[in-house]
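Participant: Need a 3D model of the following:
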Amino acid sequence: MTTRTIGIARTGTISRLPSKKLFAKDFVGDEEGSLTVEVAIWAPAMIFMLALILDFAFMMVLNASMWNAARETARAVSLHRVLPDQADDYLRDRLLFRNAPYRIAVETSRDEVDARVTLAGPEASLTPVMGRYLVGDLNVSVAMLREPN
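Facilitator: Numbering: from 1, shown residues only. Next comes the predicted model:
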């Protein structure tokens, strides 16, 4: 180890510091604090990926809920269990997340029932990550033949 002399202390011993070259070499090779740098680099990417996965899963649950509610409503109206005037409220009650701004339409003709649910794409996300990039709407349409009276 290369050292340089600083001075003689009163006790008669010589105090020595490591050379500057050795200090720089130790600093570059030192692993202490590298975890902090890695966390600072990777944490935002991991949080973004987690938010993206959560948003996608939430969107799939919303989509499944919309399909199920539209199917149940079309079936109930086609079997004459629900009056066509009450079909919109019946469909809204069947949705899993009722506070979302759904556009609901249930059209009834003599032979057919058509239940439609639409939700804007940005409204279908749990976090703002996917909502920024999701363009368009989630559309569900279920048509069923009506049973005779």
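
Participant: With adjacent residues omitted, what lies nearest to P122?
Facilitator: G131 (4.2 Å; C-beta to C-beta, 6 or more residues apart in numbering). Heads up, the C-betas are built off the backbone N, CA and C, glycines and all.

Participant: Could you pull up the residues touching that neighbour?
Facilitator: 55, 121-125 (C-beta atoms under 8 Å, 6 or more residues apart in numbering).

Participant: now those residues: which count as buried?
Facilitator: Among the contacts of G131, those scoring as buried are 55, 124-125 (criterion: 16 or more other C-beta atoms under 10 Å).

Participant: Same list (those) but as CSV, adding secondary structure.
Facilitator: Below are the buried ones among the contacts of G131 laid out as CSV (DSSP: H, G, I helix; E, B strand; the rest coil):
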residue, secondary structure
D55, helix
A124, helix
S125, coil
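
Participant: could you redo the residues you listed as JSON lines and give each row pLDDT?
Facilitator: Formatted as JSON lines, the buried ones among the contacts of G131 follow (pLDDT from 0 to 100):
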{"residue": "D55", "pLDDT": "90"}
{"residue": "A124", "pLDDT": "85"}
{"residue": "S125", "pLDDT": "84"}
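
Participant: Same list (the residues you listed) but as TSV, adding distance to I47.
Facilitator: Output for the buried ones among the contacts of G131, formatted as TSV (distance: C-beta to C-beta, whole Å):
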residue	distance to I47
D55	12
A124	21
S125	15
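
Participant: Give me the most central residue, the chain.
Facilitator: A centroid search over the chain (C-alpha atoms, centre = their mean) returns D55, at 2.2 Å, as the residue closest to the centre.

Participant: Just name the shakiest helix or strand of this structure by mean pLDDT.
Facilitator: For the chain, using mean pLDDT, DSSP states H and E, the weakest element among its helices and strands is strand 3-8, scoring a mean of 54.
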